[in-house]
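S.K.: below: sequence and its predicted model.
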Amino acid sequence: MDEQQRVAAFVEQRGLETPPEYRVLDLASEVGELAKDANESTAYGSDPDGLEIESDEIGDALFALLALADSLEIDAGEAIEEALEKYEERLAETDSPGSGE
């Protein structure tokens, strides 16, 4: 995935390498910011049509996820292919993408 390579190069060029456990915390923080924006823009769910999330916030979460994948030596492109296959199988078997657990 080209985006993962771009993130990896950015991290390396700027000396931002860090262990995966810190990458997980960064990812959780970025996803938490998305949830905060969703809560605030929808008045904590009472105005679902008011949902506003800025694209740069999605970008921050994607950056954190791709940096995590790279730090774990996981190819994000292959990982998404595996996930899509898994969801296709679940939908074919149960009409639901969830695992049912």
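M.R.: Cool, the structure landed. Numbers count the residues shown, from 1 in each chain.
S.K.: ok, how many other residues are close to residue 23?
M.R.: Residue 23: 21 surrounding residues under other CB atoms under 10 Å. Every C-beta, even on glycine, is put in place using the N, C-alpha and C of the backbone.
S.K.: likewise for residue 27?
M.R.: Neighbour count for residue 27, taken as other CB under 10 Å: 20.
S.K.: correct me, but it touches residue 60?
M.R.: No - using CB atoms under 8 Å, residue 27 is not in contact with residue 60, being 9.6 Å away.
S.K.: and the longest helix for the chain?
M.R.: For the chain, the longest helix by residue count, based on DSSP state H, is helix 20-41.
S.K.: that one packs against which elements?
M.R.: Applying 3 or more CB pairs under 8 Å, 6 or more residues apart in numbering; DSSP states H and E, we find helix 20-41 packed against helix 55-71.
S.K.: pLDDT at residue 100, what is it?
M.R.: On pLDDT, residue 100 comes in at 66.
S.K.: quick one: residue 3 from residue 67, how far?
M.R.: Separation of residue 3 from residue 67 (CB to CB, to the nearest Å): 11 Å.
S.K.: residue 7 too?
M.R.: On the measure of CB to CB, residue 7 and residue 67 end up 5 Å apart.
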